[in-house]
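**Student:** model the structure of this input:
(4 chains)
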Protein chains: 2
Amino acid sequence: MTLTLKDIAEMVGVAESTVSRAVNNKPGVGDETRQKIMEIVKKYNFRPNQMARGLAKKETGILALLIPDLTEPAYPEIIKGIEKVANDEGYQVILCHTENDLEKEKSYLQLLQENRVDGAIIAGGGLADQHILNTSLRGNNLIVLINSLAEELLLPSVLINYSRGVYLAAEHLLQQNVDKIGLIMGDFRDYVESEKLSGYQQALKKYEVEYDNDYVVETDGKYEDGYKAFLQFMNMDDPPRGFLATNEYLTTGLVEAIKGGGYFIPGDFKVATYGESRLISLIAPGLTVVSEPRQQLGETAAEIMIDLIRGESPSELIKVLEPFLKVENKIKEETNNG
Amino acid sequence: MTLTLKDIAEMVGVAESTVSRAVNNKPGVGDETRQKIMEIVKKYNFRPNQMARGLAKKETGILALLIPDLTEPAYPEIIKGIEKVANDEGYQVILCHTENDLEKEKSYLQLLQENRVDGAIIAGGGLADQHILNTSLRGNNLIVLINSLAEELLLPSVLINYSRGVYLAAEHLLQQNVDKIGLIMGDFRDYVESEKLSGYQQALKKYEVEYDNDYVVETDGKYEDGYKAFLQFMNMDDPPRGFLATNEYLTTGLVEAIKGGGYFIPGDFKVATYGESRLISLIAPGLTVVSEPRQQLGETAAEIMIDLIRGESPSELIKVLEPFLKVENKIKEETNNG
DNA sequence: ACATTTTGTTAAAACTTTTTCTAAAAAAAA
DNA sequence: TTTTTTTTAGAAAAAGTTTTAACAAAATGT
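**Tutor:** Next comes the predicted model:
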């Protein structure tokens, strides 16, 4: 049998409201009364029923976290960050694995409507944006986005400075006198990928290297695409001496193709990749990696969420975190000017 | 403004209890009354407040899922299975990332006490067992274990037949006339690992190959350990021509060492590994893999949990699922007898 | 036609906590 | 000492749903 406030009130011989105040560390309870109550609370390890509390306070203490794909290496770290902040502030996190399925996403967002959660953090977006408009999720419903934008809806977002990340990686290659860099990317229409391309172009411009479309391939972002891209590049008259791939799948394929061709990294080819992962560090420990502060990404999103819940509007609607470069496992200081 | 049962009752002109019955598809409501109610419910997209419902029914509709480490490749799939069943049955899953931290685990288990969750599924166990005894989590508290055992506590468990998995892999190697198999393992004291060793021994016995301790190495289960193990084996007078590693980290290290030595798989060495993963399939697509029904593992655990919640005791306390062999990406029929 | 069962519905109680209002007691100020 | 203020505590209402008991109306059986 779990005790209730009422039980404790009876035991101590006070009113329930007094026990409630004592348990919640609120003023209005005398010292000896408080002590007597807390003694019993401790003895029986009493914890207030969260359902009742939720009903009374119109809060649940639960956040929904919508994730499209748990196997993406970035998510466990992001989740960790969110959980950390949320738990520290007394919130629990419900995991909602959407698998890029609109229906699932839709049904998860209903949790908000049912007052089951105090807010929803949506990672990886894409589907969400247009969708949220159609649902009744407006006004007082609390949503924070990770890695996607919905400015028209005035939803807060936490992002990485993708273009800066690719800029740093390209710059690093250029500084090693690799002037022809093969860029292997995912879908251009994706906001994140388009930002990355822009970073590449900025770096070339800065180092006065002419941009040449032939050195950029757009792919589906899979392992095979990275592999094929290398072979394609090697058929060029003037093949690149360095490569930059924008996700771990592409990079893995690329590296395997390079190794398969009997070449060595970084002796024969310099390779940089966007995004850290165990896969990458195992396959090619010497790679230059653009590292994102993923845990911080999650922490920031959770902080904004909790601020929103508490009625404080965030200082900035869109928060951009800076990536940094890890050159062969050593962290490189971010240079300001070349 | 979100509507309540009361609002709808007023609109239709019936009592709240009638609306409640209609919404929950319960008997005792006339056909036209039911229809009138459901019309309004649909029109305003009414959803009952889960806090109030939880309070009244003494249920939350939420399950806690304790996971030690999200980056382990098995967990996303297990989680998927749990979520699937849970959601189908109207439950949400709270993700509790314990990071093998006793304190975190402890605090998460308090969720049960606070009536925040209807039950907890604990994956990977280890810490939990002794611990649960000390907490007040006995009697009516609902716990299901995944990949660990706590028979003394009579907690239901869902397991994989680890020994059978390793048996199948070893058998496959033996059938290819690899009679010396280098077995690279994690910590023997771990129940799971000890089971795997037993499977290896069973296979040798079956094929009348003498067990030799020199061909078995116990390690910390990391990448480097797999790498070093290969070098160690190659220093033997009669090195193995085949290897069996019991997790993906060991396997990755092993494979890299083999490749690094200029050897080929499966030409020079046959390699089998326990547990599928993207890493493995990318690095060495030709490996023989012991594949676990991970999603089913999650589904089964969730099913047992929900049965328990509904007051049905599970048919068997310990449920063991069978792994199967994937020989170079082709699923091999499980043979009954050699 | 009467007793009995079934059906449809309501009113009230329950679930536990928080909050607001109010009364009493204690402390401080006049 | 009296008045005012502050502190402490209780009683009651509110949160939104489900559940129970109660009751009337309708249907069935005799």
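
**Student:** for the nearest residue to residue A:230 once chain neighbours are set aside, pull up the helix or strand it's in.
**Tutor:** Spatial nearest neighbour of residue A:230, chain neighbours left out: residue A:257 (3.7 Å); criterion: C-beta to C-beta, 6 or more residues apart in numbering or on different chains. Backbone N, C-alpha and C define where each C-beta goes, glycine included. Secondary structure from DSSP states H and E places residue A:257 in helix A:248-260.

**Student:** pretty sure residue A:207 is touching residue A:173, no?
**Tutor:** No - Residue A:207 lies out of contact with residue A:173 (C-beta atoms under 8 Å); the separation is 9.7 Å.

**Student:** between the two, tell me which one has more neighbours.
**Tutor:** Neighbour count, other C-beta atoms under 10 Å in any protein chain shown: between residue A:207 and residue A:173, residue A:173 has more, with 24 against 14.

**Student:** tell me which other helices or strands the helix or strand that contains that one touches.
**Tutor:** Residue A:173 belongs to helix A:162-175 when assigned by DSSP H and E. Applying 3 or more C-beta pairs under 8 Å, 6 or more residues apart in numbering or on different chains; DSSP states H and E, one finds that helix A:162-175 makes contact with strand A:181-185, helix A:191-206, strand A:242-245, strand A:270-274, strand A:288-291, strand A:324-327.

**Student:** residues touching it, excluding its own?
**Tutor:** Outside of helix A:162-175, the residues within contact range by C-beta atoms under 8 Å, 6 or more residues apart in numbering or on different chains are A:181, A:192, A:195-200, A:202-204, A:206-207, A:209, A:242, A:244, A:246, A:270, A:272-274, A:288, A:290, A:292, A:322-325, A:327, A:332, A:334-335, A:338.

**Student:** that older thread, name the residues of the helix holding residue A:257 that are buried.
**Tutor:** Across helix A:248-260, burial judged by 16 or more other C-beta atoms under 10 Å in any protein chain shown covers A:248, A:249, A:250, A:251, A:252, A:253, A:254, A:255, A:256, A:257, A:258.

**Student:** now do that helix: distance to the chain's middle.
**Tutor:** Helix A:248-260 has its average C-alpha position 25 Å from the chain's average C-alpha position, going by C-alpha atoms, centre = their mean, to the nearest Å.

**Student:** pull the residues that contact that helix.
**Tutor:** Under the criterion C-beta under 8 Å, 6+ apart, residues A:73, A:184-186, A:219, A:221-231, A:243, A:245, A:264-265, A:268-269, A:271, A:273, A:275, A:277, A:279-280, A:283-284, A:287, B:282-283 lie in contact with helix A:248-260.

**Student:** I'd like to know which of those are buried.
**Tutor:** Buried subset of the contacts of helix A:248-260 (neighbour count, 16+ other C-beta under 10 Å): A:73, A:184-186, A:219, A:221, A:223, A:225-230, A:243, A:245, A:265, A:269, A:271, A:273, A:275, A:277, A:279-280, A:283-284, A:287, B:282-283.

**Student:** of those residues, list those near DNA strand D.
**Tutor:** The overlap between those and the neighbours of DNA strand D (C-beta under 7 Å from any atom of the strand) is empty.

**Student:** quick one, phi psi at residue A:211?
**Tutor:** With angles defined as degrees, to the nearest 10, residue A:211 sits at phi -80, psi 130.

**Student:** skipping its backbone neighbours, what lies nearest it in space?
**Tutor:** Using C-beta to C-beta, 6+ apart and skipping the chain neighbours, the partner closest in space to residue A:211 is residue A:204 (5.2 Å).

**Student:** I'd say the one you found and residue A:210 touch.
**Tutor:** Yes - using C-beta under 8 Å, residue A:204 is in contact with residue A:210, at 7.2 Å.
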